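> starting from these lines, generate the structure:
(2 chains)
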Amino acid sequence: MTASAMPSSRRDLASRSYRDVLAASTARTLARRRVVNHTMIGLTYVAALVATLPLILILWHLLEQGATSVNWDFFTKIPKPAGDVGGGMANGIVGTGMLVLIASLVGLPVGVGAGLYLAEQRGGKLAMVVRFLSDVLNGLPSIVLGIFAWQMLVRPFKHFSALSGGLALAAMMIPLVTRATEEMIRLVPVSMREAALALGYTKWRTSLGVVLRTALPGIVTGALVAVARIAGETAPLIFTAFGNQFWSVSPFQPIAALPMQIYLYAISPYDDWHRHAWAGALVLLALVLIISLAARFATRSRFGLGGD
Amino acid sequence: MRIPSAAAHDASIEPAVEAASRVEPESVSVHADAGTAGDVCIAVESLDAYFGAARVVRDVSFQVETGRVTAIIGPSACGKSTLLRCINRMHETVPAARVEGEIRFQGRDIYERSVSAISVRRHIGMVFQRPTPFPTMSIRENVAAGLKVLPRSERPSRRETDDIVERALRRAALWDEVHDRLGASAVALSGGQQQRLCIARALATSPAVLLLDEPTASLDPISTQRVEELVYELREQVTIVIVTHNMQQAARISDRTVFMLSGELVEAGPTNAMFTTPKDSRTEAYITGRFG
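Have a look, this model is predicted:
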């Protein structure tokens, strides 16, 4: 399109009209823009690839190393003593499940409640303090949280327990759920709140029945992301749940957890344990992926695509 | 079919009804179509409304008559929406907002300490500028939303709710368009349908008064016309106060008009008189299009 406007090289330079000069410079500008445009788009492609590369590599590596050791025994048997071949991580899988359950029972109601409070109180002084502290807690190294939980929940009772581990994980989960809930509730337009109030809804009915309900899909996603995050935590459990080589589902006894078991097996000198560590890592990743997929699924509107 | 007249049974407003009956026996019933047309339904007396230190409604007094359409007109930011929001105590839901003066609804000051904002809003419904269907609810659930929060003794049964929903949708001229998909999402409706759904939702609890805050501002001309026709038909059953910046709309659908400017009431009176022989030169300037 610009080619015809370009002055041919045979034409005398002096005879170029102002229009021709303008057209030529425009064409140059356009060409330069096109190059910059393509370069930038290319760079974003590279960035996107680099961002997903670690996950792809990890997945590939885990499948390569761990897939052969994932069998029925792995899900149904508890670990064998060192030297004996075989056994599984059933206690670790169930233990992680229990720890996540305890953490969710405590962390979800507190987190959602706190998020609702922060969203409703927006500018309040206390809300600002709570928001800031929640962010600090979110950034707290998990090992620090583990030591704290040990001091508060393990030392007074003189033994490690699943309960203390679950509560340590809950402390990690609360700020995540709080901020996710707050963000999601803030996305609900004020007009929705006003419409409910104008219908004679009380304040709490408006908050729970309309605002929270509208924000629910987003909150569920946030909660499941938090669950996925704590399911893989190791550091807070070292001082609290401690780990257990035997079968236990008591909340008051030390309990096994997949991440801890993986760590223990990975640093051991036994080849069979190494294989189990790979398998455990694969299973843990699969669990987290399933939770993430569930999050995607849960956020779909009940009215289908046209609904929301 | 029992349409729960929220007003007649609401314990929290009962004293108000009694108080009113002593003074003005004519306006005892809070039910819209039971009141005598032309009676004073709402009396606004020396009303001031503030946002923090800003006084956006200044010493406004006027009356709304039962069974009539009252239009509040005026240029943008003249305080007309704020005035409307004072009538069902929505103004106070904004932080730092404050009201002084009196608004008497059927004889009783709604800003009296013993009157709850919730009961006021049950009797004085409101529809906003932008349609506000609840996205998590179906069409049916949206219309029934106000019924669900009635006190247990007044809450209609499922079958009664079905009747009320149908009646409300018919009154809002939406029934024919949605009767075969009451379970569908409310946000899938068009803007005009959504606004009529909001009107149906407000009508379902049988309010005595319906406040409309520029209900057609975000609608296309055809939807606007439908809503205007609806307002015209509804006047028989419910007292309507409508805020509009569209003077033609006020002239078309209202019986009485209130003209506001910079937070003050300039003139109030029958719409015909106001548009043909305005008393105040500012009213004349506004309706002839010299400003605003």
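> chain B against chain A: which residues are in contact?
Contact residues (Cβ under 8 Å from any Cβ of the partner chain) of chain B with chain A: B:6, B:88, B:90, B:93, B:95, B:118-119, B:121-122, B:125-126, B:128, B:130, B:132, B:134-136, B:138, B:145-146, B:148-150, B:184-185, B:187-188, B:198, B:201-202, B:205. In short, each C-beta sits where N, CA and C put it, glycine included.
> among the residues you listed, which ones are in strands?
Applying DSSP state E to the residues of chain B next to chain A, the entries found in strands are B:125-126.
> the residues of chain B next to chain A in helices, which ones?
B:6, B:118-119, B:121-122, B:145-146, B:148, B:198, B:201-202 (DSSP state H).
> and the pLDDT at residue B:270?
We have a pLDDT of 94 for residue B:270.
> what bridges to it?
Residue B:270 forms beta bridges with residue B:256, as assigned by DSSP bridges.
> wait, it touches residue B:254, no?
No: applying Cβ atoms under 8 Å as the test, residue B:270 and residue B:254 come out as separate, 9.3 Å apart.
> who has more neighbours out of these two?
Comparing residue B:270 with residue B:254 by other Cβ atoms under 10 Å in any protein chain shown, the one with more neighbours is residue B:254, at 27 against 13.
> residue contacts, the residue nearest to the more buried one when sequence neighbours are not counted?
In this structure, residue B:254 finds its nearest non-sequential neighbour in residue B:71, 3.5 Å apart by Cβ to Cβ, 6 or more residues apart in numbering or on different chains. Shown in contact with residue B:71 (Cβ atoms under 8 Å, 6 or more residues apart in numbering or on different chains): B:241-244, B:249-250, B:253-254, B:256-258, B:271.
> all helices of the stretch 151-300 of chain A, in order?
For the stretch 151-300 of chain A, applying DSSP state H, counting those that start in this stretch gives helices covering A:162-186, A:190-198, A:203-205, A:213-231, A:235-238, A:258-266, A:271-298.
> quick one: mean pLDDT for the fifth one?
Right, helix A:235-238. Regarding helix A:235-238, the rounded mean pLDDT is 89.
> what lies in contact with it?
Outside helix A:235-238, the residues touching it (Cβ under 8 Å, 6+ apart) are A:99, A:141-143, A:145-146, A:149, A:165, A:168-169, A:171-172, A:243, A:257, A:259-260.
> of all the residues you listed, which comes closest to residue A:227?
Distance to residue A:227 across the contacts of helix A:235-238 (Cβ to Cβ) is lowest for residue A:169, with 9.5 Å.
> any idea how far the closest residue to that closest one other than its chain neighbours is from chain B?
Distances taken as Cβ to Cβ, 6+ apart place residue A:103 nearest to residue A:169, at 3.7 Å, with adjacent residues excluded. Separation of residue A:103 from chain B (Cβ to the nearest Cβ, to the nearest Å): 28 Å.
> so residue A:103 sits in a helix?
Yes: using DSSP: H, G, I helix; E, B strand; the rest coil, the secondary structure at residue A:103 is a helix.
> quick check: it touching residue A:163?
No: look at residue A:103 against residue A:163 with Cβ under 8 Å: they stay out of range, at 10.4 Å.
> higher neighbour count, these two?
residue A:103 (26 against 22).
> what is the burial count for residue A:86?
Counted with other Cβ under 10 Å, residue A:86 comes out at 12.
> and the residue of the stretch 151-292 of chain B nearest chain A?
residue B:185 (3.6 Å; Cβ to the nearest Cβ).
> what's the local residue count around that residue?
For residue B:185, the count of nearby residues is 22 (other Cβ under 10 Å).
> state the distance from it to residue B:126.
Applying Cβ to Cβ, to the nearest Å, the value for residue B:185 to residue B:126 is 23 Å.
> now residue B:288
The spacing between residue B:288 and residue B:126, counted by Cβ to Cβ, is 31 Å.
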